[in-house]
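Novice: Starting from these lines, generate the structure:
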Amino acid sequence: MQYQWYPGHMTKAIRELEKNLKLLDLFVEIVDARIPAASTNPDLNRLLKDKKKVVVLNKADLADPAVTAAWISSYKDRGISAIDCSAVRTEDMKHLRALLFEGAAEKRERDRKKGMKPRPFRAVVSGIPNVGKSTVINSLKGKTAAKTGNKPGVTKGERWIRIGSDFDLLDTPGLLWPKFEDRRTGILLSLFGSINDEVFDMNDLAAEAAKEVVTAYPGRLNELYGLDETKQGYEIVSDFALKRNFLIKGGQPDYDRGARAFVNEIRSGKAGRLTLEKPEK
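Specialist: Below you'll find the model as predicted:
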């Protein structure tokens with residue numbers, strides 16, 4: 001089973017971003033705190049490699065706090081500013097706003113010392129689909145400025161959004177890259193909703209998700225659902241369907257329904273706070 005999705009508007013958005021490179025002072029990349037590496041777009045990072053970068057680990061309220069702290073430390077070791085947040089938490093957005101405006105103040109002071117006329121501080125806010133990028137922008141703005149949705153591909157084009165005095169954000173569509181490095185990247189992106197559900201087999205994804213959770217958090221599925229974690233992924237999901245009384249004729253497990261419910265439990269946080277990637281040592 002292949003996990004790939006790269007609609008045409010993403011290619012167009014990359015080309016538009018290239019045209020705006022000289023205008024940008026800061027690259028703000030929104031990643032999913034549950035899969036920070038898989039949700040980092042290598043194409044964007046190559047394109048914006050010369051820009052100062054801030055990583056926002058969004059959806060941190062659904063992630064493992066200890067692993068999130070390890071990721072922030074890892075970014076710091078690489079000289080990258082990072083902050084964890086939930087876009088729906090006001091206090092988190094205050095901290096992010098302060099971090100961005102601090103960068104803007106530093107830029108204005110450098111320009112002043114060089115005798116340059118002040119101009120708006122410009123940052124591009126980007127990330128893969130469904131990491132909460134538009135919600136972050138709206139929270140920073142204080143009102144709805146960017147389209148939001150719980151499905152990938154809601155934002156189709158780029159536009160500038162004024163945030164406070166002399167601070168502009170370039171809102172971009174959720175951007176993937178044409179070919180993933182490995183199959184697991186596609187699995188993780190699909191699991192957390194960055195790839196359209198219509199382009200892959202949900203039944204296969206649920207089995208893969210069961211294996212991922214068992215590996216990262218042994219005992220979690222047994223504790224929450226009474227599932228035998230020594231079984232294969234498909235068997236675990238079948239048992240989950242039986243536990244939920246999702247049945248078809250003859251009393252057999254309704255695997256289709258169980259698979260979708262199982263994936264939704266992981267996505268929504270009902271299976272507990274988890275992070276399926278740890279920073280490399």
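Novice: Doesn't T185 lie inside a helix?
Specialist: Yes. Judged by DSSP: H, G, I helix; E, B strand; the rest coil, T185 forms part of a helix.
Novice: Quick check: it vs W177, distance?
Specialist: 10 Å (Cβ to Cβ, to the nearest Å). (C-beta placed from N, C-alpha, C; glycine too.)
Novice: more crowded one of the two?
Specialist: T185 (20 against 17; other Cβ atoms under 10 Å).
Novice: Apart from its chain neighbours, what residue comes closest to that one?
Specialist: A38 (4.8 Å; Cβ to Cβ, 6 or more residues apart in numbering).
Novice: just checking, the one you found is part of a strand?
Specialist: No. Secondary structure of A38 (three-state DSSP): coil, not part of a strand.
Novice: where does it sit relative to R183, distance-wise?
Specialist: In terms of Cβ to Cβ, A38 sits 11 Å off from R183.
Novice: Looking at these two, which is more packed in?
Specialist: A38 (23 against 13).
Novice: Around the residue nearest to G269 when sequence neighbours are not counted, how many other residues sit close by?
Specialist: Of all residues not flanking G269 in the chain, L62 sits nearest, at 4.3 Å (Cβ to Cβ, 6+ apart). Using other Cβ under 10 Å as the criterion, L62 is surrounded by 21 other residues.
Novice: where does the stretch 101-250 of the chain dip in pLDDT?
Specialist: 143-157 (pLDDT under 70).
Novice: all strands for it, in order.
Specialist: Taking DSSP state E, counting those that start in this stretch to define them, one finds strands in the stretch 101-250 of the chain at 121-127, 159-162, 167-171.
Novice: Buried deepest among these, which one?
Specialist: strand 121-127 (a mean of 24; mean count of other Cβ atoms under 10 Å).
Novice: Can you list the neighbours in contact with that strand?
Specialist: 17, 20, 23-31, 39, 41, 44, 48, 51, 100, 103-104, 107-108, 133, 136-137, 160, 166-172, 174-175 (Cβ atoms under 8 Å, 6 or more residues apart in numbering).
Novice: Now S73: which helix or strand?
Specialist: helix 65-77 (DSSP states H and E).
Novice: Which positions within the longest helix seen in the chain qualify as buried?
Specialist: Longest helix in the chain by number of residues (criterion: DSSP state H): helix 90-113. By 16 or more other Cβ atoms under 10 Å, the buried positions in helix 90-113 come out as D92, M93, L96, R97, L100, F101, G103, A104, K107, R108.
Novice: Residues contacting it, please?
Specialist: Here helix 90-113 has contacts from 25-26, 28, 52, 54, 56, 60, 81, 83-87, 117-119, 121, 123, 136, 139-140, 163-164, 166-167, using Cβ under 8 Å, 6+ apart.
Novice: Which of those fall within helices?
Specialist: V136, S139, L140.
Novice: Surely the second one is in contact with N58?
Specialist: No. Counting by Cβ atoms under 8 Å, no contact exists between S139 and N58, whose distance comes to 10.3 Å.
Novice: And these two? Which one has more around it.
Specialist: More crowded of S139 and N58, by other Cβ under 10 Å: N58, with 28 against 22.
Novice: I'd like the distance between L176 and S194.
Specialist: 7 Å.
Novice: Number of residues surrounding D84?
Specialist: Around D84 there are 22 residues (other Cβ under 10 Å).
Novice: residues shared between the contacts of S139 and N58?
Specialist: Joint contacts of S139 and N58 (Cβ under 8 Å, 6+ apart) are A87.
Novice: quick one: the nearest residue to A87 once chain neighbours are set aside from R119, how far?
Specialist: Nearest residue to A87 in three dimensions, chain neighbours excluded: T135, at 4.1 Å (Cβ to Cβ, 6+ apart). As for T135, its distance to R119 is 28 Å (criterion: Cβ to Cβ).
Novice: Which one's more surrounded, the two?
Specialist: Neighbour count, other Cβ under 10 Å: between T135 and R119, T135 has more, with 20 against 13.
Novice: Go ahead and confirm that one touches V88.
Specialist: Yes. Counting by Cβ under 8 Å, T135 touches V88, with 7.1 Å between them.
Novice: Contacts only, for I248.
Specialist: With Cβ under 8 Å, 6+ apart, I248 has these contacts: D254.
Novice: What residue in this protein is the furthest from its centre?
Specialist: Distance from the centre of the chain peaks at G250, with 40.9 Å (Cα atoms, centre = their mean).
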